[in-house]
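Asks: Any chance you can model this:
(chains A and B)
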Amino acid sequence: MKVHLKLFAGVREITGQQEVEFDVEEGTTAGGLWERLLTDYPKLTPYTEIIQVAVNQDVVDRGVKLRAEDEVAFLPPVSGG
Amino acid sequence: MYEIVQDILDARRLTQTVASNRDGAVVTFAGIVRGKNRGKKVLFLEYEAYPEMAIRMMKRIGDEIQKTWGLTSVAMQHRVGRLNVGETSVLIVVSAPHRDDAFAACQYAINRFKRIVPVWKKEIFEDGELWVEGPVETVEAAKE
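Replies: I've put the predicted structure just below:
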């Protein structure tokens, strides 16, 4: 199934990608998708401890299973204001 | 009104969106780009947002304020893109019948904003640049 990944700030710069479509297997969790991103971009490793995952614009637990067409974002700690 | 915008922020215009006859107090918070951070001279900042989620989170903060303080109106704008020192990055306007609620709700709004609204800033110095995101050491390690 297809999910839509959105990347921001340092994570966006490391990957060079702002929006990516991923084909993932049924049952893939948000955390699982991050692991997959890490294998492509090992430089993201230091972010593992600090990112939050948003699915369809709500912060969720990394164990949440993704559904087809979900919008997934890996958010570095925010620094607006 | 909750917006992520590219343009220069205008506090007067935003204030007009919240003021009403029942309100006797309007408190405005403006966040300004500082020329120095952690002892280093900042040339300019670049802000980036996840706009759809940022607006949702701003609305959530507005709802929280409604629940706690009742008769208040809230508006927020955050600017993205390149911002020079002295420019306004964020505006929060709260109007309420009385000043105590307006001050308290406005302070609550900016504190919550800084925690839950997905906006990021990059500081550009003379000798480098840095995304401000979580512990600085972690981020610098990520860029090696």
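
Asks: contacts and neighbour counts: CA atoms only from here.
Replies: OK.

Asks: what packs against whichever strand or helix holds A:V20?
Replies: Element membership for A:V20, per DSSP states H and E: strand A:19-23. If contacts are counted by 3 or more C-alpha pairs under 8 Å, 6 or more residues apart in numbering or on different chains; DSSP states H and E, strand A:19-23 sits against strand A:2-7.

Asks: that older thread, pull the residues that contact the strand holding A:V20.
Replies: For strand A:19-23, the surrounding residues in contact (C-alpha atoms under 8 Å, 6 or more residues apart in numbering or on different chains) are A:M1, A:K2, A:V3, A:H4, A:L5, A:K6, A:L7.

Asks: how about the helices in chain B?
Replies: B:11-16, B:51-69, B:99-116, B:136-142 (DSSP state H).

Asks: Format those as TSV; extra columns: mean pLDDT.
Replies: Below are those laid out as TSV (pLDDT from 0 to 100):
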stretch	mean pLDDT
helix B:11-16	94
helix B:51-69	96
helix B:99-116	96
helix B:136-142	43
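
Asks: of all the ones you listed, which lies closest to A:E35?
Replies: helix B:136-142 (15.9 Å; C-alpha to C-alpha).

Asks: for chain A, longest helix please?
Replies: helix A:30-40.

Asks: Could you check the pLDDT of residue 46?
Replies: I'll assume chain A. Turning to A:P46, the model gives it a pLDDT of 91.

Asks: could you do chain B instead?
Replies: For B:E46, pLDDT reads 96.

Asks: Skipping adjacent residues, who's closest to it in space?
Replies: Excluding the flanking residues, the one nearest B:E46 by C-alpha to C-alpha, 6 or more residues apart in numbering or on different chains is B:R82, at 4.5 Å.

Asks: what's the neighbour count on that neighbour?
Replies: If you count neighbours by other C-alpha atoms under 10 Å in any protein chain shown, B:R82 ends up with 15.

Asks: Could you list the contact residues of chain B toward chain A?
Replies: Proximity of chain B to chain A (C-alpha under 8 Å from any C-alpha of the partner chain) is limited to residues B:31, B:47-50, B:52-53, B:56, B:78, B:89-90, B:110, B:113-122, B:131-134, B:138-139, B:141-143.

Asks: Find the residue at the geometric middle of chain B.
Replies: Centroid-nearest residue in chain B, with C-alpha atoms, centre = their mean: B:V90, separated by 3.4 Å.

Asks: Could you find the closest non-adjacent residue to that residue?
Replies: B:H78 (4.4 Å).

Asks: Touching, that neighbour and B:V5? I think so.
Replies: Yes - the pair B:H78 and B:V5 passes the contact test of C-alpha atoms under 8 Å, sitting 6.2 Å apart.

Asks: Give me the more crowded residue out of these two.
Replies: More crowded of B:H78 and B:V5, by other C-alpha under 10 Å: B:H78, with 31 against 16.

Asks: Sounds good, over and out.
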